[in-house]
Every structure is written in structure tokens, then in C-alpha cells.
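J.: what shape does this take:
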Amino acid sequence: MNKKASNKNVYYPVFLNIRGKRCAVIGGGKVALRKVKRLLECGADVTVISPRPRLEITGLFAKRAIRLIQREYKLQDLEKAAIVIACTDDKKLNRKVAGEAKKRKLLVNVADDPESSDFIIPSSFRRGGLTVAVSTSGVSPALARKIRTKLQKSFGEEYASLLSLVGEVRS
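T.: Residues are numbered from 1 along each chain as shown. Okay, here's the model as predicted:
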């Protein structure tokens, strides 16, 4: 392995089954909303902690899709969490959340800070049961999005039908 590559994190690609697992999202802004929506798509039990959540987040709470704790973050907010996502606009708070999560041996993602994260969230899309994920190991999320967009155009909705058919034949 060359020295330059060894200085960067090398991530193990994995898809986690988080259905029914408690996921704590610290933050209530645009990034938090994006993370919450993806967690809900996967069936996670989502709790958002934010003193001033976006209207869309309070709407999800009103629909009983998530739990919402409308106050500043406290250490106890990590209790029973399987995964923690820190995505406030306060980098110091995000690092504090990451440190406390790691002490509890919880998997933590800090938006825009791969060095403080146990995992990163790739740019991805779904076509039925097909999931395509692209990562630049946190170096350039913009490039990952650009590549994902190109792949999305190559893999249309017909792949959902194809996968469904292949699944039936395989059974």
C-alpha cells in the first residue's frame, strides 16, 4: 500500500439492516431532514433532537413518523440508540456528540466530518430492490453525487421490474 493511501480512511462497504433500530439524529436543519428521510425509508426508529427543527421535521413528528425532542442535546439522548448522526451547524457540538457516542461504542456519523465518523453515508439511489451507492471515502461528496446522477440515468425504473422478475425465477 502506498503511503499516501494509508493516511486516508479505507471504508468497508456494508449495507446495514436498521429496521426497528433506534437512530438518534442530533440536529434539525436541511441535512438532518435528508438523513431522517433516508433512515425512515429503511424502517428505522428515528429520534430527532433539536431546539429549532425545520417545519418538515415537525411535520414528520405530527404524522408520528419520528420522535422529536425539541431542546438542546444532552448525553442521555444517546440511550438505546444503535446509530447516531450528528448534523448540527455547530462543529464543536458535533465532535462532542461523536466522542460521547464512541465512548458508548455506538456507531456515529458526523455530517461533513469523516475523520470524526465511524461510517460515512454514500450517495445512493434505489430501483426497487436494487441499491447503487457511490462513495469517495468522504473526500468529495459533490463528485460522488455527480457519479450517482450519471448512474441513475443508466439504471432506469426497468431495473426494479427486472430484479423482481429475477427474484421470482430464483425462488
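J.: burial measure for Cys61, as a count.
T.: Careful, residue 61 is Phe; it's not Cys. Residues lying near Phe61 (other CB atoms under 10 Å) number 16. The C-beta positions use only the backbone N, C-alpha and C, and glycine is treated the same way.
J.: which SSE is it in?
T.: Assigned by DSSP states H and E, Phe61 belongs to helix 55-62.
J.: going by neighbour count, list what's buried in that helix.
T.: Neighbour-count burial for helix 55-62, counted by 16 or more other CB atoms under 10 Å, picks out Ile57, Thr58, Leu60, Phe61.
J.: adding distance to Ser116 and pLDDT, write those out as a markdown table.
T.: What follows is the buried residues of helix 55-62, written out as a markdown table (distance: CB to CB, whole Å; pLDDT from 0 to 100):
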| residue | distance to Ser116 | pLDDT |
| --- | --- | --- |
| Ile57 | 23 | 98 |
| Thr58 | 28 | 98 |
| Leu60 | 26 | 98 |
| Phe61 | 27 | 98 |
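J.: nearest to Arg95 among those residues?
T.: For these, the residue nearest Arg95 by CB to CB is Ile57; the value is 22.7 Å.
J.: flag the shaky bits of the chain, pLDDT-wise.
T.: Residue ranges of the chain with pLDDT under 70: 1-7.
J.: helices of that one, start to end?
T.: 3-6, 30-41, 55-62, 91-103, 141-154, 158-170 (DSSP state H).
J.: tell me the domain ranges of this protein?
T.: 22-116, 123-170 (automatic domain parsing).
J.: is it possible to get CSV of those domains that adds distance to Lys8?
T.: Putting the domains of the chain into CSV (distance: least, CB to CB, whole Å) gives the following:
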stretch, distance to Lys8
domain 22-116, 9
domain 123-170, 6
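J.: and these, which is most packed in?
T.: When the domains of the chain are scored by mean count of other CB atoms under 10 Å, the highest mean neighbour count falls to domain 22-116 (a mean of 18).
J.: report how far apart the opening and closing residues of it are.
T.: Domain 22-116 has an end-to-end distance of 21 Å (CA to CA, to the nearest Å).
J.: distance from that domain to the middle of the chain?
T.: Remark: domain 22-116 is offset 10 Å from the chain centroid, using CA atoms, centre = their mean, to the nearest Å.
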